[in-house]
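Visitor: after the sequence you'll find the predicted model.
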Amino acid sequence: MMRRWAAALVLGVAATACRSSLVEFGIPADSLPRTPNSPAAATTEVRQPTIAAPAGFSYAVVWVEEGLAVRQPAGITSSEVASLPADQRGIGVTGQSTLLGSSTWLEIFLPEGGTGWVNGYNLTEDVDPEAFCQDPRLVDLANRFILALESESGEQLAQLASPKRGLIIRHDWWNPEVVTELGSLSHLFQEAAELDWGINRDSGLSITGSFGAVILPQLMDVFSAPPAFGCNRLATGSTAEEVAWPSEYTNLNFISFHRAAPSPSSLNWRTWALGIEYVNGSPYLAVMVQYRGEI
């Protein structure tokens, strides 16, 4: 079933020059960008991580819950000269960077004037949410993601992943991050090692197992039929628990896929949100977060 509609979705994308939307695949007419014109097939070359941040882009704080320390000079032991709030956007960089251990530090322009240094892991290219939802490349990315799952191709998935972070997966939005480095993604579907995905809130038991045993079936559940598509919004069903995009990803735009419950009162619904990070102006998959009905 998934093979048939995923292929149809790709064909539908290629034909959008003649049609206004992909409504026939469960995607609202006002949710997706128009007329993408890029191939759905992924190559197998794995990119290398990007070190420096180009000075021509504006940046936003990410992966912090409270504030980002700005230091002078670079390094965690240096004096803190300022702090940026977790939702700070519009940050300019001077183009200067330095590698300290495994961390790349970037020199930024402070909003109040002057400069300072921050860990580059906590900056992401600043993309306006409205502009993000109009980016036609999202359709191609979504299609390639679906096809990578359907073919269980780690090589194709690696092509979509952020060259800066690899792929970060959360079994539930409130469970911890599980990080797969870019170089390991090609074996993700076949890797048998058990990972700790957090706690099942319903049972209180630990969630352990490989990506293929734990995460893939829950992804396939959403894509077993044409899901509803969202851009910077989460479609949900009945649940007794809070549903939220994690606060540390405030400045990270996302797309989502939602499989509705069979009835309004049922808890049998599921949503996957894909956090998209721009690197050198191009969108990549950085985060996968699951939402589901809970008692």
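Guide: Thanks, I have the structure now. Numbers count the residues shown, from 1 in each chain.

Visitor: select the longest helix from this structure.
Guide: helix 137-151 (DSSP state H).

Visitor: elements contacting it?
Guide: Using 3 or more Cβ pairs under 8 Å, 6 or more residues apart in numbering; DSSP states H and E, the elements in contact with helix 137-151 are helix 2-14, helix 154-160, helix 216-222, strand 270-279, strand 282-292. Yep, even glycine has a C-beta here, placed from its N, CA and C like the rest.

Visitor: pull out the buried positions in it.
Guide: For helix 137-151, a neighbour-count test (16 or more other Cβ atoms under 10 Å) marks 138-150 as buried.

Visitor: give me the distance from stretch 188-202 to the chain's centre.
Guide: 18 Å (Cα atoms, centre = their mean, to the nearest Å).

Visitor: which outside residues touch it?
Guide: Outside stretch 188-202, the residues that touch it by Cβ atoms under 8 Å, 6 or more residues apart in numbering are 152-154, 157, 167, 169-172, 174-176, 178, 180, 184, 205-212, 214-216, 241, 294-295.

Visitor: could the buried residues of helix 137-151 be laid out in CSV, adding distance to P226 and pLDDT?
Guide: Output for these, formatted as CSV (distance: Cβ to Cβ, whole Å; pLDDT from 0 to 100):
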residue, distance to P226, pLDDT
L138, 17, 97
V139, 14, 95
D140, 18, 96
L141, 17, 97
A142, 12, 96
N143, 13, 96
R144, 17, 97
F145, 15, 97
I146, 10, 96
L147, 15, 96
A148, 18, 97
L149, 14, 96
E150, 13, 95
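
Visitor: widest-spaced pair of the residues you listed?
Guide: Based on Cβ to Cβ, the longest span within these runs between L138 and E150 and measures 18.6 Å.

Visitor: ok, back up a step: dump the helices and strands packed on helix 137-151 into a markdown table; add distance to Y121, mean pLDDT and mean neighbour count as well.
Guide: Formatted as a markdown table, these follow (distance: least, Cβ to Cβ, whole Å; pLDDT from 0 to 100; neighbours: other Cβ atoms under 10 Å):
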| stretch | distance to Y121 | mean pLDDT | mean neighbour count |
| --- | --- | --- | --- |
| helix 2-14 | 33 | 43 | 16 |
| helix 154-160 | 20 | 98 | 22 |
| helix 216-222 | 26 | 97 | 15 |
| strand 270-279 | 11 | 97 | 23 |
| strand 282-292 | 12 | 97 | 22 |
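
Visitor: ok, which of those comes nearest G114?
Guide: Nearest to G114 among the helices and strands packed on helix 137-151 is strand 270-279; the distance by Cβ to Cβ comes to 26.6 Å.
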